[in-house]
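[1] just the structure for this:
(chains A and B)
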Protein chains: 2
Amino acid sequence: MEIKVLKDILSANDQMAERNRALLDSKQVTAFNVMSSPGSGKTSLILETIRALKKQVRIGVIEGDIASSIDAQKVGAEKVPVVQINTGGECHLDAGQVGRALESLLLHKIDLLLIENVGNLVCPGEFKLGEHKKVLILSVPEGDDKVHKYPLLFSVADAIVISKIDLLPYATFDVPTFLKAVKGMNRRAKVFQVSCITHEGIEKWARWVRSSMSR
Amino acid sequence: MEIKVLKDILSANDQMAERNRALLDSKQVTAFNVMSSPGSGKTSLILETIRALKKQVRIGVIEGDIASSIDAQKVGAEKVPVVQINTGGECHLDAGQVGRALESLLLHKIDLLLIENVGNLVCPGEFKLGEHKKVLILSVPEGDDKVHKYPLLFSVADAIVISKIDLLPYATFDVPTFLKAVKGMNRRAKVFQVSCITHEGIEKWARWVRSSMSR
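    Okay, the predicted model is just below:
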């Protein structure tokens, strides 16, 4: 019974996600859905991506949070269009919320749309938004054992970004162990290692984002 | 419509939580529901709590994970009774799952039950398990801006533990800023600062756990 209700919601969400995707495609906008636990560095990676690419491509951002507009203010300071979605308690963005946010963006003036999901390593994996690529961030302090504990997001990600690698000397994160676990779960995902403090790995990451865009 | 369904599920969960609580009370077991993002250090704090208190009180553990038994194995090595719950995709523990786990513990041989919830800073806040105390952990690398982004758990917590304080020199976490935000949201919660690496703050934390027990 509960499962049936969940399926109905998902199906309605999937329909809305397809509508978002069709709209984005018609405007030649490539959308990335950026997901992670709270505090893994979604906003920091988005800011670095903007700084690396804003001379080449026109970027827009949708910020998803349960409450507050802290992140939207940080992104807005980069002078890119940003829409804040407050989910009001919901633990993930859904396609309907993103659809309404798309209405308030001038999509013909955007090439790349970065969507920051609510900080949650579980629920966002179940809700398509109409994105072209799913990006999963895991920060070094979270530990190298998360692949098997949170399998869904690791299995559906197109790119997995290990963030905060400047903290590797102070944390017990074994990169080879983590990479092996990722390969066992998802052979397709590209894996990046970045630090938004030292900027290590950002150029490589930004090149991949650029090459993943539809035009 | 969706909200109505959620309310019905919650109400069934609340009834089951009350049953768990009555069972725990009848056996004089005090239960702590330990919640945080993935990788904030729930298992590490539970291990430290066991080591600090196991000579004084009889401890049992329920480990909640979407998949895997990595944490249950770590806790089992401390020679305390542990039950693993795999939620199979669900992003939080519910009272029904905990009720079934209670059946497989010898509650008359336990004084303190530590329940490790699924790593998620959002959803576990909505589901009572029958616990006596809600403990929220936030690790230093997650950042000091999480109170307003994830208000529910911060507002319902009885204790808030800042973990990984050994990383304070390498992260941009301002403790006074965080404490001020917590006070604005929840004046009742006790706040602790701990490191499971240096053991700083563990003794104070363990004293509070001991003093919060019903006998």
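[2] pLDDT averaged over stretch A:76-90, what's the number?
    Across stretch A:76-90, pLDDT averages out at 95.
[3] helix/strand/coil for the nearest residue to residue A:174 once chain neighbours are set aside?
    Spatial nearest neighbour of residue A:174, chain neighbours left out: residue A:144 (5.1 Å); criterion: CB to CB, 6 or more residues apart in numbering or on different chains. Where you see a C-beta, it was placed from the backbone N, CA and C, and this is true even at glycine. Assigned with DSSP: H, G, I helix; E, B strand; the rest coil, residue A:144 falls in the coil class.
[4] residue A:144 touches residue A:181, doesn't it?
    Yes: in this structure residue A:144 lies within contact range of residue A:181 using CB atoms under 8 Å: 7.4 Å.
[5] so for these two, which residue has more residues nearby?
    residue A:144 (21 against 16; other CB atoms under 10 Å in any protein chain shown).
[6] how about the more buried one, what does it touch?
    Listed by CB atoms under 8 Å, 6 or more residues apart in numbering or on different chains, the contact set of residue A:144 reads A:172-175, A:177-178, A:181.
[7] buried stuff in the lengthiest helix in chain A?
    Looking across chain A with DSSP state H, the single longest helix is helix A:2-26. The neighbour-count check on helix A:2-26 (16 or more other CB atoms under 10 Å in any protein chain shown) flags A:9, A:13, A:16-17, A:20-21, A:24 as buried.
[8] now swap in stretch A:41-60 and tell me
    Buried residues in stretch A:41-60 (16+ other CB under 10 Å): A:41-50, A:52-53, A:57-60.
[9] low-confidence stretches in chain A?
    Applying pLDDT under 70 to chain A flags the ranges A:1-6, A:214-215.
[10] quick check: residue A:135 touching residue A:35?
    Yes: the pair residue A:135 / residue A:35 is scored as a contact, 6.8 Å apart, by CB under 8 Å.
[11] list residues touching both of those two?
    residue A:157.
[12] of all residues in chain A, which one is nearest the centre?
    residue A:34 (0.4 Å; CA atoms, centre = their mean).
[13] OK, contacts around it?
    Contacts of residue A:34 (CB under 8 Å, 6+ apart): A:42, A:45-46, A:114-117, A:135, A:137.
[14] mind listing which of these are in helices?
    Short answer: the contacts of residue A:34 in helices (DSSP H) are A:42, A:45-46.
[15] chain A: helices as residue ranges?
    Counting by DSSP H, the helices of chain A are A:2-26, A:42-53, A:70-76, A:95-103, A:146-149, A:151-156, A:175-185, A:202-211.
[16] about what we covered before: and chain B, which of the buried residues of helix A:2-26 contact it?
    residue A:9 (CB under 8 Å from any CB of the partner chain).
[17] nearest to residue B:190, of the buried residues of helix A:2-26?
    For the buried residues of helix A:2-26, the residue nearest residue B:190 by CB to CB is residue A:9; the value is 37.9 Å.
[18] how close does the closest one sit to residue A:134?
    The gap separating residue A:9 from residue A:134 is 19 Å, by CB to CB, to the nearest Å.
[19] what does chain A have sitting close to chain B?
    Residues of chain A lying near chain B (CB under 8 Å from any CB): A:2, A:5, A:9, A:37-40, A:65-68, A:70, A:89, A:91, A:118-123, A:139-143, A:145-146, A:148-152, A:164, A:166-167, A:170-171.
[20] make a ChimeraX selection of the buried ones in those.
    Those of the residues of chain A next to chain B that count as buried under 16+ other CB under 10 Å are selected in ChimeraX with:
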select /A:9,37,38,39,40,65,66,68,70,91,118,119,120,121,122,123,139,140,141,142,143,145,146,148,149,150,151,152,164,166,167,170,171
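[21] just to revisit the earlier point, chain B: which of the ones in helices among the contacts of residue A:34 is nearest?
    residue A:42 (11.0 Å; CB to the nearest CB).
[22] can you pull the contacts of that closest one?
    A:34-36, A:71, A:116-117, A:119, A:137.
[23] before we move on, what about residue A:89?
    Contacts of residue A:89 by CB under 8 Å, 6+ apart are A:66, B:152.
[24] just residue A:100 next, same as before
    Counting by CB under 8 Å, 6+ apart, residue A:100 touches residue A:85.
[25] that one and residue A:16: what is the separation?
    Counting by CB to CB - residue A:100 and residue A:16 are separated by 10 Å.
[26] ok, now residue A:28?
    Taking CB to CB, one finds residue A:28 at 21 Å from residue A:16.
[27] from memory residue A:39 sits against residue B:146, does it?
    Yes: in this structure, residue A:39 is within contact of residue B:146 by CB under 8 Å, at 6.3 Å.
[28] residues touching residue A:101, list them.
    A:62, A:83, A:85.
[29] residues near the residue nearest to residue A:162 when sequence neighbours are not counted, how many?
    Closest residue in space to residue A:162, ignoring its immediate chain neighbours: residue A:193 at 4.6 Å, by CB to CB, 6+ apart. Neighbouring residues of residue A:193 were enumerated by other CB under 10 Å; the total is 19.
[30] would you confirm that residue A:193 contacts residue A:173?
    No: judged on CB under 8 Å, residue A:193 makes no contact with residue A:173 at a distance of 10.6 Å.
[31] where does residue A:55 fall, phi/psi-wise?
    phi -80, psi -20 (degrees, to the nearest 10).
[32] for residue A:108, what are its contacts?
    residue A:27.
[33] let's go with 10 Å and repeat that
    A:26-29, A:58 (CB atoms under 10 Å, 6 or more residues apart in numbering or on different chains).
[34] and for residue A:157?
    A:33, A:35, A:125, A:133-138, A:182, A:185-186, A:188-191.
[35] which of these lies closest to residue B:96?
    residue A:125 (23.2 Å).
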